[in-house]
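Peer 1: Generate a structure from the sequence data that follows.
(one chain, ligands or ions: 1)
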Amino acid sequence: MRPTTRGIAVVAIGLLLITSLIANLISAKPDEGGVGGPQATVNPDKDPKKIIIESNKDEKNISMYNHREKKLVVMSLEEYLLGVVAGEMPASYNEEALKAQAVAARTLTIYKMPAYGGRGCNQVSGADVCSSFAHCQEWISEDQMRKNWGDQYEDYVGKLRRVIQETSGQIMTYNGKPIEVFYHSTSNGRTEEVSEVFSNALPYYTSVESVGEENAPKFEGSVSISNQQFADKFNSKYGIKLDPNNLSSQIKINGYTDSGRIQDISVGGKKLRATDFRLLYGLNSTDISFVFGKDSITMNTKGFGHGVGMSQVGADRMADRGNNYTEILKHYYKGVEISKY
Ligand SMILES: [Zn+2]
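Peer 2: Below you'll find the predicted structure:
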């Protein structure tokens with residue numbers, strides 16, 4: 001996750017639950033490989049409001065701003081990744097999909113770390129990353145894993161540690177540099193070209209097919225509100241006078257992206273990007289169809305998230321069809337290499 005402001009906003013939406021996003025780095029110190037078992041050096045301070053910056057971090061440790069407890073903690077990179085993969089993807093998913101997630105998450109992290117030329121997380125001084133999916137990427141604590149997984153905790157932690165260790169030190173590079181990583185929960189059947197959502201075109205993001213997601217829990221979404229609420233929200237945001245009595249003639253789709261999502265839309269004469277429209281109404285995606293009722297408007301969506309990069313559901317489907325994590329990543333990120341950072 002990273003951080004153009006616009007990116008942040010879009011992602012924030014996507015999430016009613018999940019997701020993510022995220023210039024150049026790598027100077028590469030070869031990973032000695034196998035950072036093995038995670039010994040977290042979480043700061044022992046008990047005051048959740050106090051921010052502590054530990055001074056003993058080296059390039060294999062990461063300082064993460066825990067946005068829930070409002071403090072900075074330091075831990076090994078691989079231990080951090082355990083919390084990310086646990087928070088970003090269901091642990092029940094195919095191991096090859098989880099490995100793809102681990103490599104994507106590690107790439108995003110290395111890309112952000114000042115020790116490797118990144119800009120860090122601007123939420124808090126000294127933080128390489130934060131634990132918020134709306135800003136950097138999701139991260140959950142061991143306590144949260146225990147709550148989420150119950151009796152399956154030991155199995156799932158073992159599984160995630162395995163996928164992280166088996167991909168130890170691996171990141172995606174393009175022309176020798178870590179790529180800027182975006183991924184999302186569920187596509188509408190195709191991924192989105194990055195410049196349709198974020199500001200810069202990047203050569204490894206093209207719209208690709210993502211097969212088999214139709215039965216995913218978040219493939220379809222829907223938001224219904226009254227015509228009056230729709231108009232009030234739009235008018236208050238854009239300062240126009242949309243008439244709630246005749247929405248169907250005032251909403252016009254100006255064009256679609258190559259992935260079938262809406263690109264630009266006009267509402268009451270005000271033209272805006274579909275990504276902004278999605279944010280305003282808290283929609284799951286920009287693949288939107290409208291149903292106009294007498295008193296209400298329904299916005300049906302396909303997919304969940306901004307649609308750029310790897311679809312997590314799509315990755316799981318590819319793994320179930322026999323693809324390994326390298327094949328999954330190279331499908332969603334064109335022309336990348338899997339390298340050791
Ligand atoms: Zn952050």
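
Peer 1: tell me which strands and helices the longest helix seen in the chain is in contact with?
Peer 2: Secondary structure of the chain per DSSP state H: the longest helix is helix 95-112. For helix 95-112, the packing partners by 3 or more C-beta pairs under 8 Å, 6 or more residues apart in numbering; DSSP states H and E come out as helix 77-88, helix 153-166, strand 170-174, strand 177-178, strand 310-311, helix 312-320, helix 325-332. Just so you know, the C-beta spots here come from the backbone N, C-alpha and C atoms, and that holds for glycine as well.

Peer 1: okay, these, which one's buried deepest?
Peer 2: Mean neighbour count (mean count of other C-beta atoms under 10 Å) peaks for strand 310-311 among the helices and strands packed on helix 95-112, with a mean of 29.

Peer 1: Within its sheet, name the partner strands of that one and how each one runs.
Peer 2: strand 183-184 (parallel) (DSSP bridges).

Peer 1: Would you map the strands across the stretch 201-341 of the chain?
Peer 2: Secondary structure of the stretch 201-341 of the chain (DSSP state E, counting those that start in this stretch): strands at 220-226, 251-256, 262-267, 270-273, 288-292, 296-302, 310-311, 337-340.

Peer 1: Tell me which strands the last one pairs with, and in which orientation.
Peer 2: Taking DSSP bridges as the criterion, strand 337-340 pairs within the sheet with strand 170-174 (antiparallel).

Peer 1: between the partner strand and helix 325-332, how big is the angle?
Peer 2: Angle, strand 170-174 to helix 325-332, by axes from the mean of the first three to the mean of the last three C-alpha atoms, to 10 degrees: 30 degrees.

Peer 1: quick check: mean pLDDT across strand 170-174?
Peer 2: Mean per-residue pLDDT for strand 170-174: 97.

Peer 1: One more: stretch 333-341?
Peer 2: The pLDDT scores in stretch 333-341 average 96.

Peer 1: First-to-last residue distance for it?
Peer 2: 17 Å (C-alpha to C-alpha, to the nearest Å).

Peer 1: before we move on, what about stretch 240-254?
Peer 2: Termini of stretch 240-254 sit 19 Å apart (C-alpha to C-alpha).

Peer 1: what do you get for stretch 113-128?
Peer 2: Terminal residues of stretch 113-128 lie 5 Å apart, using C-alpha to C-alpha.

Peer 1: and what of stretch 135-153?
Peer 2: Criterion C-alpha to C-alpha; first-to-last residue distance in stretch 135-153 is 27 Å.

Peer 1: does the ion sit close to that stretch?
Peer 2: Yes. Using C-beta under 5 Å from the ion, stretch 135-153 comes into contact with the ion via 135-136.

Peer 1: Need the strands of the stretch 201-341 of the chain in CSV (columns: distance to residue 329).
Peer 2: Converted to CSV, the strands of the stretch 201-341 of the chain look like this (distance: least, C-beta to C-beta, whole Å):
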stretch, distance to residue 329
strand 220-226, 27
strand 251-256, 27
strand 262-267, 27
strand 270-273, 28
strand 288-292, 29
strand 296-302, 24
strand 310-311, 7
strand 337-340, 7
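
Peer 1: Format those strands as CSV; extra columns: distance to the ion.
Peer 2: Below are the strands of the stretch 201-341 of the chain laid out as CSV (distance: least, C-beta to the ion, whole Å):
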stretch, distance to the ion
strand 220-226, 26
strand 251-256, 32
strand 262-267, 28
strand 270-273, 24
strand 288-292, 28
strand 296-302, 26
strand 310-311, 20
strand 337-340, 24
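
Peer 1: of all these, which gets the most neighbours per residue?
Peer 2: Using mean count of other C-beta under 10 Å, strand 310-311 ranks as the most buried of these, with a mean of 29.

Peer 1: how does the chain divide up, domain by domain?
Peer 2: When the chain is parsed with automatic domain parsing, its domains come out as 5-210+307-340, 220-302.

Peer 1: how close does residue 157 sit to the ion?
Peer 2: For residue 157, the distance to the ion equals 25 Å [C-beta to the ion, to the nearest Å].

Peer 1: Now do the contacts for that residue.
Peer 2: By C-beta atoms under 8 Å, 6 or more residues apart in numbering, the contact set of residue 157 is 82, 86, 145, 149.
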